[in-house]
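Q: Fold the following for me, if possible:
(one chain, ligands or ions: 1)
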Amino acid sequence: MSAVPQERRVVTAIPGPKSIELQARRTAVVAGGVGSVLPVFTARAGGGIIEDVDGNRLIDFGSGIAVTSVGASAEAVVRRASAQLADFTHTCFMVTPYEGYVEVAEALAELTPGDHAKKSALFNSGAEAVENAVKIARSYTKRQAVVVFDHGYHGRTNLTMALTAKNMPYKQGFGPFAPEVYRVPVAYGYRWPTGAENAGAEASAMAIDQISKQIGAENVAAIIIEPVLGEGGFIEPAKGFLPAIAQFAKENGIVFVADEIQSGFCRTGQWFACEDEGIVPDLITTAKGIAGGLPLAAVTGRAEIMDAAHAGGLGGTYGGNPVACAGALGAIETMKELDLNGRARRIEEVMKARLAAMQEKFPVIGEVRGRGAMIAIELVQDRATKAPDAASAAALAKFCHAAGLLVLTCGTYGNVLRFLPPLVIGEDLLNEGLDIIERAFAAL
Ligand SMILES: *Cc1c(COP(=O)(O)O)cnc(C)c1O
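A: This is a model prediction of the structure:
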């Protein structure tokens, strides 16, 4: 499957001497604001392994932040993108179009929820897709307000910073932010004051009340939500929340946008996470997992909404680059061929069983949650108060990194360890990674 040997190997300290040397060169010339989770320089990657310049092989529980679901050197992605590279790298779809872009739009129409007529526009990054979803929704509704949720994350451009909930590190010092953005509560079951079982009904009622009273539903162009909130801590809105919000949007002529940039393309064991409660969004934004690591993003939705913007109103020099489109077609081919939805569900089964057993043993684990291969554990200082424990999250990540397991943290309080393995990871590597996590807890 991958040319990179599928076994963990730690032959130096992590980071090793060559990575440390490269990191010194990097620090001299790369802006300090651009961070890295683990300053280990990559030599090659594929399957469930990242090999560094010192010859260490790390088990990958990050997928480059939910991007390389098919692996970082998937055969079909490499084959199709290489062939496209040799043919032509770019013409600009707005100058002379090409078939790959159309094929990706056809695939998106087929794979996204709902059997209505759908159209797509392609972009380079998730943030750009979200910005364009807002442009399209405003153009269609002739309204301005945009509603987002507590703990939501939508990107780092000016508008998407405004849409994002968390200040540090995303927004601090970067204002002023775009106007007409309003934030309302989300059904965060674990932290809902009256308990998870009430969160869906109570949070949706609060959100709808705030929208109605503070903004006026008739002023709202779009409601944008991640069906599983990613950076905010892998929060699955409690059951009933998403359907209530989607229904409210429908009744009030508001464009319901599912931001599936992190949760989409088999990550949660379905093509899109919103399918879990049968939600059919008006617009859906995708990026990350769509193209096996090549930069591509899309807005897909109801044809009449997508066509609302005037000709020439949407686009961008590189949007839907032909090499990225070829990569996407290779990634989608791989997802179908290897049944990566099934793989994601199997990963959930293995991980949840192991992590639940750890929760019995280690009181610092407040909650194990997530779906498919989008699994997280929320760490607390005390299970009664649920006081967030960011220090333990950092210590656990450090232990795992030193042992050759790449993990990421997230969460509004920085106290969530998140696991996003490539969906093609072997079960032996998956279990070995979990062994390391268990040792990390024991060592806390
Ligand atoms: C990562 C992410 C974005 C931003 O995508 P970029 O490609 O980094 O601009 C937006 N929304 C969600 C849910 C994301 O996870």
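Q: going forward, measure contacts and count neighbours with C-alpha atoms only.
A: Noted.
Q: which secondary structure element contains the residue most central in space within the chain?
A: For the chain, the residue nearest the mean C-alpha position is residue 262 (1.7 Å; C-alpha atoms, centre = their mean). Residue 262 is part of no helix or strand, with elements assigned from DSSP states H and E.
Q: burial of the nearest residue to residue 143 once chain neighbours are set aside, as a residue count?
A: Distances taken as C-alpha to C-alpha, 6 or more residues apart in numbering place residue 221 nearest to residue 143, at 4.9 Å, with adjacent residues excluded. By the measure other C-alpha atoms under 10 Å, the count of residues near residue 221 is 28.
Q: what are the phi and psi values for residue 221?
A: phi -80, psi -50 (degrees, to the nearest 10).
Q: check contacts around it.
A: Residues in contact with residue 221 (C-alpha atoms under 8 Å, 6 or more residues apart in numbering) are 134, 137-138, 141-146, 254-255.
Q: Show me what from the protein comes close to the ligand.
A: 125-127, 153-155, 226, 230, 259-262 (C-alpha under 6 Å from any ligand atom).
Q: Could you list which of those residues belong to strands?
A: residue 259 (DSSP state E).
Q: so who does the residue in the stretch 201-350 of the chain that the ligand sits nearest to touch?
A: Per C-alpha to the nearest ligand atom, residue 262 is where the stretch 201-350 of the chain lies closest to the ligand, at 4.2 Å. Contacts here follow C-alpha under 8 Å, 6+ apart; on that basis residue 262 touches 65-67, 230, 286-289.
Q: As a markdown table, these with secondary structure, pLDDT and neighbour count would be great.
A: As requested, the contacts of residue 262 are exported to a markdown table (DSSP: H, G, I helix; E, B strand; the rest coil; pLDDT from 0 to 100; neighbours: other C-alpha atoms under 10 Å):
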| residue | secondary structure | pLDDT | neighbour count |
| --- | --- | --- | --- |
| 65 | helix | 98 | 20 |
| 66 | helix | 98 | 28 |
| 67 | coil | 98 | 26 |
| 230 | coil | 97 | 26 |
| 286 | strand | 98 | 29 |
| 287 | coil | 98 | 32 |
| 288 | helix | 98 | 26 |
| 289 | helix | 98 | 32 |
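Q: what about the helices in the protein?
A: 17-29, 63-66, 75-87, 99-111, 126-141, 158-163, 196-210, 241-251, 303-306, 322-337, 340-361, 390-402, 427-443 (DSSP state H).
Q: will you turn these into CSV that also has distance to residue 367?
A: As requested, the helices of the chain are arranged in CSV below (distance: least, C-alpha to C-alpha, whole Å):
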stretch, distance to residue 367
helix 17-29, 35
helix 63-66, 21
helix 75-87, 36
helix 99-111, 32
helix 126-141, 28
helix 158-163, 27
helix 196-210, 12
helix 241-251, 20
helix 303-306, 39
helix 322-337, 30
helix 340-361, 8
helix 390-402, 13
helix 427-443, 14
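Q: Can you say which of those is nearest to residue 412?
A: With C-alpha to C-alpha as the measure, helix 390-402 is the member of the helices of the chain nearest residue 412 (10.0 Å).
Q: report the angle between the axes of that closest one and helix 427-443?
A: Interaxial angle of helix 390-402 relative to helix 427-443 (axes from the mean of the first three to the mean of the last three C-alpha atoms, to 10 degrees): 130 degrees.
Q: Enumerate the positions of helix 390-402 that are buried.
A: For helix 390-402, burial by neighbour count (16 or more other C-alpha atoms under 10 Å) applies to 390, 392-394, 396-402.
Q: do stretch 367-386 as well
A: 367-381, 386.
Q: In this structure, which residue sits nearest the ligand?
A: For the chain, C-alpha to the nearest ligand atom, closest residue to the ligand: residue 126, 3.2 Å.
Q: Neighbours of that residue, how many?
A: Residue 126 has 26 nearby residues by other C-alpha under 10 Å.
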